[in-house]
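Undergrad: I need the structure of the sequence given here:
(4 chains)
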There are 2 protein chains.
Amino acid sequence: MIRILIVDDERPIATLIRMSLTKAGYTCVCAYDGLQAADILEKETFDLVLLDIMLPGATGFELMDYIRPLGVPVIFLTAKGAISDRVQGLRMGAEDYIVKPFEIVELLARVEVVLRRYNKLASVIEIGGLSIDTRSMRVTKDGEDIPLTNKEYNLLLLFARNPGAALYRETIYERVWGGDYNAGSRTVDLHIQRLRKKVGWETKLVSVHKVGYRLEADG
Amino acid sequence: MIRILIVDDERPIATLIRMSLTKAGYTCVCAYDGLQAADILEKETFDLVLLDIMLPGATGFELMDYIRPLGVPVIFLTAKGAISDRVQGLRMGAEDYIVKPFEIVELLARVEVVLRRYNKLASVIEIGGLSIDTRSMRVTKDGEDIPLTNKEYNLLLLFARNPGAALYRETIYERVWGGDYNAGSRTVDLHIQRLRKKVGWETKLVSVHKVGYRLEADG
DNA sequence: CGTCAACGATAAGAATACGGATCATGGTTC
DNA sequence: GAACCATGATCCGTATTCTTATCGTTGACG
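TA: Numbering: from 1, shown residues only, chains lettered A, B, ... in the order given. A predicted model of the protein is given here:
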């Protein structure tokens, strides 16, 4: 269940958004000013916040200080032409922004993008005899759970999302570890080997000489 | 035709990038500060933007606000070790980043990855009876896989992208090996020969006396 | 037609990458 | 504090890949 908090003082708009998102399968809660939003945020948890910048009481910007420590992604709703608002919003850590008036489809699309970026969208990837549930972060093979470490899981996910593609060690390292890749390090190789053994991909996760590794696309 | 905008205030670097990308078949435009970049972006459309973060006038981050609504993918150029820049860049929607100083081959690879992600680039090249899948880095002939070494593959790709053109040994060496060509070395010749045998291009990949080699344009 | 440089071919040595094993470290749990 | 686990560094052996060396053949040019 994905929970979205809608913060907008214009009730008709908030209602419109809530109806659309509910239709799309999300669970929505509305707040009509900053204080109310802060209250709700203290009591409940959300996967995403849609935040109007022009709010009475506390502005959207001030509310951001509340939200940022929670690690909840935020999409700003901003009036047309308020570019400086937009710039400031992004600088304050918003994931995206939507200019009012906006199309519902556009809203849905952006919500999806942000949720996916945060792996909030329930999705099960079936590949190479494995079943990867990105929501519970569980990997099963023939119904049996395969315990993976954090790095192994992220590594697996990277390949599962890029089947058939040859991935450079640099790319792998940067995506999974997140820092500068130290050429000559065997870290990636080591984890690849461990992953191969655990999930039984000795023949599917092949090395590409001088490049890195590739998950064979099929069979 | 793929158009790339290069934004970097260090002109030698911008020029170097432009030359490399132009050689690789892209159409390039350079901007040397944020304002100029914004001007150009208003008038012309691009498939990709290479953006240096440390810019006078408007910083790369501010320019991002301009670019983001356009839906054009961005690759950040960032100084080594500036991790906070990098994180922020990715959060702001950059598709990728490259740490300066970087290898030209690496730049080309990343540009390719991003363009492919946006479906701007054909990922399969059909030439001379071969099928080259640049995503999986696989070469097939009549459906059968032809295993190539790294150097052979890069060599093949170079010719596949410049069919009919006579390529100097120097050029070949610089593109595939990446360093200075040592006149008198037979390395290039040797790899050409092996490649010819492997892919059956004994008559298609001809030598050009005193110059280098050329892939005959068609069948 | 002769000469010389350039290219093709083969073999062998050098260099390098990858897989496997082991061990040290740092964090977490009980 | 002890035990465990995740992580990553290091070493070594093997197989592949790359380069150098050498010799024979071809092609350009006067």
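
Undergrad: chain B versus residue A:168, what's the distance?
TA: 7 Å (Cβ to the nearest Cβ, to the nearest Å). Just so you know, the C-beta spots here come from the backbone N, C-alpha and C atoms, and that holds for glycine as well.

Undergrad: what's near enough to touch the closest residue to that residue other than its chain neighbours?
TA: Counting by Cβ to Cβ, 6 or more residues apart in numbering or on different chains, residue A:212 is the residue found nearest to residue A:168 once chain neighbours are left out, at 4.6 Å. By Cβ atoms under 8 Å, 6 or more residues apart in numbering or on different chains, the contact set of residue A:212 is A:166-172, A:188.

Undergrad: nearest to chain B, of the residues you listed?
TA: residue A:166 (4.1 Å; Cβ to the nearest Cβ).

Undergrad: and that closest one, backbone torsions?
TA: phi -80, psi 120 (degrees, to the nearest 10).

Undergrad: so it touches residue B:139, yeah?
TA: No: Residue A:166 lies out of contact with residue B:139 (Cβ atoms under 8 Å); the separation is 11.9 Å.

Undergrad: wait, which of the contacts of residue A:212 is closest to DNA strand C?
TA: Among the contacts of residue A:212, residue A:169 lies closest to DNA strand C (Cβ to the nearest atom of the strand), at 6.9 Å.

Undergrad: give the bridge partners for the closest residue to that closest one other than its chain neighbours, please.
TA: Using Cβ to Cβ, 6+ apart and skipping the chain neighbours, the partner closest in space to residue A:169 is residue A:212 (4.4 Å). Judged by DSSP bridges, the bridge partners of residue A:212 are residue A:168, residue A:208.

Undergrad: same check, this time on residue A:51
TA: Beta-bridge partners, per DSSP bridges, of residue A:51: residue A:7, residue A:76.

Undergrad: over to residue A:133?
TA: Applying DSSP bridges to residue A:133 yields these beta-bridge partners: residue A:124, residue A:138.

Undergrad: quick check, pLDDT for it.
TA: You'll see residue A:133 listed with a pLDDT of 86.

Undergrad: list the contacts for it?
TA: So residue A:133 contacts A:122-124, A:139-140 (Cβ under 8 Å, 6+ apart).

Undergrad: now do residue A:24
TA: Per Cβ under 8 Å, 6+ apart, neighbours of residue A:24: A:108, A:111.

Undergrad: surely residue A:110 touches residue A:98?
TA: Yes: in this structure, residue A:110 is within contact of residue A:98 by Cβ under 8 Å, at 6.0 Å.

Undergrad: what sits in contact with each of those two?
TA: Counting by Cβ under 8 Å, 6+ apart, the shared contacts of residue A:110 and residue A:98 are residue A:75.

Undergrad: any idea how far DNA strand C is from residue A:12?
TA: 47 Å (Cβ to the nearest atom of the strand, to the nearest Å).

Undergrad: what's the answer for residue A:131, then?
TA: Taken as Cβ to the nearest atom of the strand, the span from residue A:131 to DNA strand C is 24 Å.

Undergrad: next, count neighbours for that residue.
TA: 15 (other Cβ atoms under 10 Å in any protein chain shown).

Undergrad: what's the answer for residue A:163, then?
TA: Neighbour tally, residue A:163, other Cβ under 10 Å: 16.

Undergrad: equivalent analysis for residue A:209, please.
TA: 12.

Undergrad: for chain A, which spans come out with low pLDDT?
TA: A:23, A:56-60, A:69, A:79-97, A:99-105, A:119-122, A:135, A:218-219 (pLDDT under 70).

Undergrad: hmm, 50 instead?
TA: A:86, A:89 (pLDDT under 50).

Undergrad: show me what the helix or strand harbouring residue A:190 is packed up against.
TA: Per DSSP states H and E: residue A:190 is located in helix A:187-199. Under the contact criterion of 3 or more Cβ pairs under 8 Å, 6 or more residues apart in numbering or on different chains; DSSP states H and E, helix A:187-199 touches helix A:150-161, helix A:169-176, strand A:205-208, strand A:212-215.

Undergrad: and among those, the most buried is which?
TA: strand A:212-215 (a mean of 22; mean count of other Cβ atoms under 10 Å in any protein chain shown).

Undergrad: the residue most central in space within chain A and residue A:4, how far apart?
TA: The centroid of chain A falls nearest to residue A:118 when counting by Cα atoms, centre = their mean (1.5 Å). Going from residue A:118 to residue A:4 by Cβ to Cβ, to the nearest Å gives 12 Å.
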